[in-house]
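K.L.:
Next input, structure requested:
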Amino acid sequence: MPGVTHDDAPLLADLMPWSVAPPRLGRGWPAAPDAASLRARWDALVRAGGPDREVLFQPTRSRTAHTAVGQLPGRSGGTQRLSRAPGPCPEPVRVLHAPFDEQWLIPDQRLIDAARPELWRVADERQVFVVEAGTARGGAAAQDAAGPALLATSLLPVLRAGRVRPLYRRPGAAEPNLAPGLTDLLTARLGHDTSPAEVLAWTIAVARATGAGPAVPLTGDADAWRQGVAVGRRMLWLMRRDGERPRLPGGRRPYVRAPLPSRPPTVHYDRAEEALLFGEGRISPVPPGAWDFEACGVRVLEQWCAARTEPAEPGTLSAIRPATWPQAWTSELLELITVLALLAELRPRQAALTVPDPIAPAELRAAGVLPAPPSAHRPASVLDTREEGPEGQLALL
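P.N.:
Numbers count the residues shown, from 1 in each chain. Just a heads-up that it's a prediction; the model follows:
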């Protein structure tokens, strides 16, 4: 970006100090593209006895069927050992399982190697989770190939990516996870009140991957700020998909041109025809920008389809899945194509953003914004509801 180099830009880690390592599931079967399969998997696990239950569970060093752990905050999962009293299946919840891939998860800490309870405590309808996704491979062309440096989601992210930074440190959009004094400095420099939501939009639009982590150039120019925030708000709306459904103009909207088979084979993309092919099934138009869209180093559409078509190992819980392709998956796929196409169309506007009158780290240090105090790097003390510990004990925090 003209006017500033990445070396002159503050790091996201300094501007959003509190971060959490991404959750680690440890086994694939507690997550699935449909909730009904998860309930069926749970029932199969409960029906199995003794050694069979242990094998189906797929134990790791962190979790076995004999592990006792507490409830996830705000969830109803049991705390008795699965080998003894598994109880009913907790109600599956929607999560971000992979870039732009919303799936379902059984929210039971007994099944998850590292659930990161501190993220669950601050997850609500007003939270936004920022996930570090990009890697520095040098230059603008490499940045385009790597995809966006950051992802944003309203769902709890369980994808294997970089660190997770909630926008708010407490439920109810309370206490922004921003370096203390940052919004005040921006308000003074820009000449208008600057909200945490504006800072997030700007960050999503301009963040770039570097070897030290995502960097976020800041500007004191009000016009440049408004342009960046407008692009970032559009990106956030498309990434979060928690409002009005995105639509492409007529004639460019993807449709099912030939019915998808009940068990689609591996997907193929016909670039000349701009079509996704599932054997005899066909969806078009699918613009190249949507098919080529990458995040976290993978082609999003290809990975999304593979998660629903690749066979699972027979005899495992992951093999319990829909016998036929659900109609809901087709609707989700059409929306995903739309989202990726619209994000790809935003790239020229994003690339054209400039950062005149840059706010360098030295200015942030002089204003006392950096470094953020140690308390800003730690989670807030949040215990709004009773949390049951292992074997029914009360969890005290």
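
K.L.:
Go ahead and confirm Leu151 touches Arg163.
P.N.:
No. With contact defined as C-beta atoms under 8 Å, Leu151 does not reach Arg163; the gap is 11.7 Å. For glycine as for every other residue, the C-beta is placed from the backbone atoms N, C-alpha and C.

K.L.:
Now do Asp124: how many residues are near it, please.
P.N.:
13 (other C-beta atoms under 10 Å).

K.L.:
Enumerate every residue touching it.
P.N.:
By C-beta atoms under 8 Å, 6 or more residues apart in numbering, the contact list for Asp124 reads Pro171, Gly172.

K.L.:
tell me which element it falls in.
P.N.:
Asp124 belongs to no helix or strand when assigned by DSSP states H and E.

K.L.:
Tell me how far it lies from Ser154.
P.N.:
9 Å (C-beta to C-beta, to the nearest Å).

K.L.:
got it, and Val93?
P.N.:
12 Å.

K.L.:
And Arg81, by the same measure?
P.N.:
For Arg81, the distance to Ser154 - C-beta to C-beta - is 33 Å.

K.L.:
repeat for Trp225
P.N.:
24 Å.

K.L.:
out of those two, which sits in the more crowded spot?
P.N.:
Set Trp225 next to Ser154 and count neighbours by other C-beta under 10 Å: Trp225 wins out with 26 against 21.

K.L.:
now the end-to-end length of stretch 241-254.
P.N.:
18 Å (C-alpha to C-alpha, to the nearest Å).

K.L.:
what comes up buried for it?
P.N.:
By neighbour count on 16 or more other C-beta atoms under 10 Å, the buried set for stretch 241-254 is Arg241, Leu248, Pro254.

K.L.:
do stretch 147-163 as well
P.N.:
147-159, 161-163.

K.L.:
Just give the number of residues close to Pro171.
P.N.:
Residues within reach of Pro171, counting by other C-beta under 10 Å, total 20.

K.L.:
Can you tell me how far the residue lying closest to it once chain neighbours are set aside is from Glu132?
P.N.:
Counting by C-beta to C-beta, 6 or more residues apart in numbering, Asp124 is the residue found nearest to Pro171 once chain neighbours are left out, at 4.8 Å. Distance, Asp124 to Glu132, by C-beta to C-beta: 22 Å.

K.L.:
Tell me the one among the buried residues of stretch 241-254 nearest to Ala174.
P.N.:
Nearest to Ala174 among the buried residues of stretch 241-254 is Arg241, at 24.2 Å by C-beta to C-beta.
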